[in-house]
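A.B. asks: Structure here, sequence nowhere to be found:
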């Protein structure tokens, strides 16, 4: 009985000791090390960093180990630590155009400046379980080449030269209208200010970037199956390292804080135009820490769907509903509230018991005269 | 690896506490109004009292004496966990005695003992919006509060009466605060609603996941919604507490066997203990208090 009188404290301590034991498992098996997790479970580390909103591979790996591999629990651990960190300032926007690219593909062009680069992908692998991995065999060194000195332009920039796609900042191209300049716009911060609906796209993208991969995947999928269809093309997906720079007012210039790996997805979506706006392509955008292609693509689909209001489209499906999507995308919030049903609720249940008993008594009392009349 | 994490007094950093205190002050200034605040991730899950914990962390000082209850009891698992958290991160004195506490954090109950001036009752709130189950959209409910448009709630209560002959809400029963805002009292049984009215203690409500804080200042009018011909009524129990013999208190039903046998005991464990210490006996309590433990 989990409400044993005066027993709660000891019970909790014992439960946690058992948890620690189960986490470690058979002592005859060597314990995992943080560097093993970082090196060999890199995509789990990436997901934990992305949805945990904290770029630190070692802390993410520690969280995964402490959480026994439960990634939502690991994400929660990282978030609860992240929130205690002081905020020194905001970095400059990262320049994904200058990314040191490891993977870059476009589904809209056969070939393009910078080329197609497959990189470390599961795509085109045959999903056959590989006993060689279980046996711990040697892995051959991969083929490498020197990085291209020339930069690799983004596919959307290629389209933009022709005026065929909306500007980078969002905002449709009207005839003769200069590209909207949003470098001066203040970007919101959902970790410092409470969300207030309706949201602008900056806050929506922040929420999506830390949103649950599975939830966004399902919503993105739903747009492909006709619930807010948006005719997407994977204009470009690129994965690689970018520099993070911070403006230091005392110095008067930006200093580099280091490099982070990110995945960027630019979806290119059809837009038929309206009376005021000529037909052109619109964008859905995804940007996630680490290598997280599925998440970035799902995020881009959701971003585009959520722009329905801005683009004057009918809101007919769940994926377009801002309050629905953003309020439920955070898996730390969702898991907490779903799992809180485990907590004792017997005071309220008692109140409901009393009500149901009384209503049943009244129901039965009302039946009796009818039965008598029938007999 | 990054340096070993260290934490501030009462866990939250001082900037965050200031932000939360500003929201609390705003909430006190507009009784019943849900003030948004930039809720933080806490080291316990959302839905497990993070709103209440953030309020307590923001107002607690080294001299405070903290009591934490869940379902009226000090020894329920989550109450134990939250009390241990503050004992650890703020090193404050804790108590189970309602009278001795300066701050009482609660989930689902208001203590039976009348609270006094200077005490603060901090509620953990899952869904702060009383209109949420009638209108899921925040943009809409905010408008309804702004326009004092509470017709929907009255229709719901009326439909209850039409269907069941009475208002079929037994907990989280909506109240109107100081004649203005309709407020969710958190999922306390409606039995506790009258205790909120003109309370001498300050009542603060924290909803972490939903990022809202609201308040009922001392000596504030809190009226449960009802109709003239269907006045608000609280739950009554036929049996007194089997341990201390108390009547007119909220009771838990304890199942004794699988043949329908059950007994009723005080939900407020401190109240029950205090009564037994001063000699009150219920039908099942036996004589010495130790036997009950």
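C.D. replies: Received, thanks. Since this is a predicted model, take the numbers as computed values, not measurements.

A.B. asks: need the contact list for the closest residue in space to residue A:200 that isn't next to it in sequence.
C.D. replies: Of all residues not flanking residue A:200 in the chain, residue A:188 sits nearest, at 6.8 Å (CB to CB, 6 or more residues apart in numbering or on different chains). C-betas here are computed from N, CA, C, even on glycine. By CB atoms under 8 Å, 6 or more residues apart in numbering or on different chains, the contact list for residue A:188 reads A:200, A:202, A:203, A:206.

A.B. asks: try residue A:273
C.D. replies: So residue A:273 contacts A:279, A:280 (CB under 8 Å, 6+ apart).

A.B. asks: Those residues of the stretch 51-200 of chain A touching chain B, which are they?
C.D. replies: Within the stretch 51-200 of chain A, the positions near chain B by CB under 8 Å from any CB of the partner chain are A:56, A:58-59, A:62, A:76, A:79-84, A:86, A:191-198.

A.B. asks: The contacts of residue A:188, buried ones only, as a PyMOL selection?
C.D. replies: With 16 or more other CB atoms under 10 Å in any protein chain shown as the burial test, the buried ones among the contacts of residue A:188 are selected in PyMOL as follows:
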select buried, chain A and resi 202+203+206
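
A.B. asks: Would you state the helices of chain A in chain order?
C.D. replies: With helices called from DSSP state H, chain A shows them at A:8-24, A:34-40, A:42-52, A:57-66, A:71-82, A:131-134, A:155-161, A:201-209, A:213-224, A:293-306, A:308-311, A:322-328, A:331-339, A:346-374.

A.B. asks: Residue A:120 - how many residues pack around it?
C.D. replies: By the measure other CB atoms under 10 Å in any protein chain shown, the count of residues near residue A:120 is 11.

A.B. asks: thought it was touching residue A:103?
C.D. replies: Yes: counting by CB atoms under 8 Å, residue A:103 is a contact partner of residue A:120 at 6.8 Å.

A.B. asks: re earlier: list buried residues within the residues of the stretch 51-200 of chain A next to chain B.
C.D. replies: Looks like those have A:56, A:59, A:62, A:76, A:79-84, A:191, A:194-195 buried, using 16+ other CB under 10 Å.

A.B. asks: which one of those residues is nearest residue B:6?
C.D. replies: Nearest to residue B:6, judged by CB to CB, of these is residue A:84 at 8.9 Å.

A.B. asks: which ones are touching residue B:143?
C.D. replies: residue B:149.

A.B. asks: Which secondary structure element is home to it?
C.D. replies: helix B:138-146 (DSSP states H and E).

A.B. asks: so for that helix, what's the average pLDDT?
C.D. replies: If you average the pLDDT over helix B:138-146, you get 96.

A.B. asks: Tell me if the very next helix or strand once past that helix is near chain A.
C.D. replies: Per DSSP H and E, the first helix or strand lying C-terminal to helix B:138-146 is helix B:151-164. Yes: using CB under 8 Å from any CB, we find that helix B:151-164 touches chain A at residue B:164.

A.B. asks: neighbouring strands for the helix or strand following helix B:151-164, and are they parallel or not?
C.D. replies: Per DSSP H and E, the first helix or strand lying C-terminal to helix B:151-164 is strand B:175-177. Looking at strand B:175-177 with DSSP bridges, its partner strands are strand B:181-183 (antiparallel), strand B:222-224 (antiparallel).

A.B. asks: what sits up against the last one?
C.D. replies: Yep, that's strand B:222-224 we're talking about. With CB under 8 Å, 6+ apart, strand B:222-224 has contacts from B:173-177, B:179, B:183, B:185, B:190, B:193-194, B:196-199, B:216, B:232.

A.B. asks: returning to that earlier point: any chance of the strands paired with strand B:175-177 in JSON lines, with mean neighbour count too?
C.D. replies: Below are these laid out as JSON lines (neighbours: other CB atoms under 10 Å in any protein chain shown):
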{"stretch": "strand B:181-183", "mean neighbour count": "21"}
{"stretch": "strand B:222-224", "mean neighbour count": "19"}
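
A.B. asks: Redo the ones you listed as CSV? Include distance to residue B:282.
C.D. replies: Putting these into CSV (distance: least, CB to CB, whole Å) gives the following:
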stretch, distance to residue B:282
strand B:181-183, 35
strand B:222-224, 30
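
A.B. asks: Any chance of TSV for the ones you listed, columns mean pLDDT?
C.D. replies: Putting these into TSV (pLDDT from 0 to 100) gives the following:
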stretch	mean pLDDT
strand B:181-183	98
strand B:222-224	98
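
A.B. asks: Of those, which is nearest residue A:355?
C.D. replies: strand B:222-224 (15.7 Å).

A.B. asks: Neighbours of residue 244, how many?
C.D. replies: Just going to use chain A. By the criterion of other CB under 10 Å, residue A:244 has 17 neighbours.

A.B. asks: nope, chain B
C.D. replies: There are 24 residues near residue B:244, going by other CB under 10 Å.

A.B. asks: I'd say residue A:303 and residue A:288 touch.
C.D. replies: No: in this structure, residue A:303 is not within contact of residue A:288 by CB under 8 Å, at 12.0 Å.

A.B. asks: Would you mind telling me which of these two has the busier surroundings?
C.D. replies: Legend: neighbour count by other CB under 10 Å for residue A:303 and residue A:288, higher for residue A:288 (29 against 26).

A.B. asks: Now do the more buried one against chain B, distance only.
C.D. replies: Residue A:288 is 19 Å from chain B, where distance means CB to the nearest CB, to the nearest Å.

A.B. asks: so what's that residue up against?
C.D. replies: A:46, A:50, A:209, A:262, A:263, A:295, A:296, A:299.

A.B. asks: So which of those residues wins on neighbours?
C.D. replies: Busiest of those [other CB under 10 Å] is residue A:299, holding 31 neighbours.

A.B. asks: OK, contacts around it?
C.D. replies: A:205, A:208, A:209, A:211, A:216, A:220, A:265, A:285, A:286, A:287, A:288.

A.B. asks: what's the burial count for the residue lying closest to it once chain neighbours are set aside?
C.D. replies: Nearest residue to residue A:299, sequence neighbours excluded (CB to CB, 6+ apart): residue A:286, at 3.5 Å. The number of residues packed around residue A:286, counting by other CB under 10 Å, is 28.

A.B. asks: and residue A:286, what pLDDT?
C.D. replies: 98.

A.B. asks: these two touch, right, it and residue A:293?
C.D. replies: No: Residue A:286 is beyond contact range of residue A:293, at 9.1 Å (criterion: CB under 8 Å).

A.B. asks: Which single residue of the stretch 151-300 of chain A ends up nearest chain B?
C.D. replies: Per CB to the nearest CB, residue A:194 is where the stretch 151-300 of chain A lies closest to chain B, at 3.8 Å.

A.B. asks: Tell me if I'm right that that residue and residue B:39 touch.
C.D. replies: Yes: using CB under 8 Å, residue A:194 is in contact with residue B:39, at 6.9 Å.

A.B. asks: Tell me the residues that contact both of the two, please.
C.D. replies: In contact with both residue A:194 and residue B:39: residue B:211, using CB under 8 Å, 6+ apart.

A.B. asks: ok, back up a step: select, from the contacts of residue A:188, the two members most distant in space.
C.D. replies: A:200 and A:206 (10.3 Å).

A.B. asks: What distance do you get for the residue nearest the centre of chain B to chain A?
C.D. replies: The residue lying closest to the centre of chain B (CA atoms, centre = their mean) is residue B:123, at 3.9 Å. Noted for residue B:123: a distance of 13 Å to chain A, by CB to the nearest CB.
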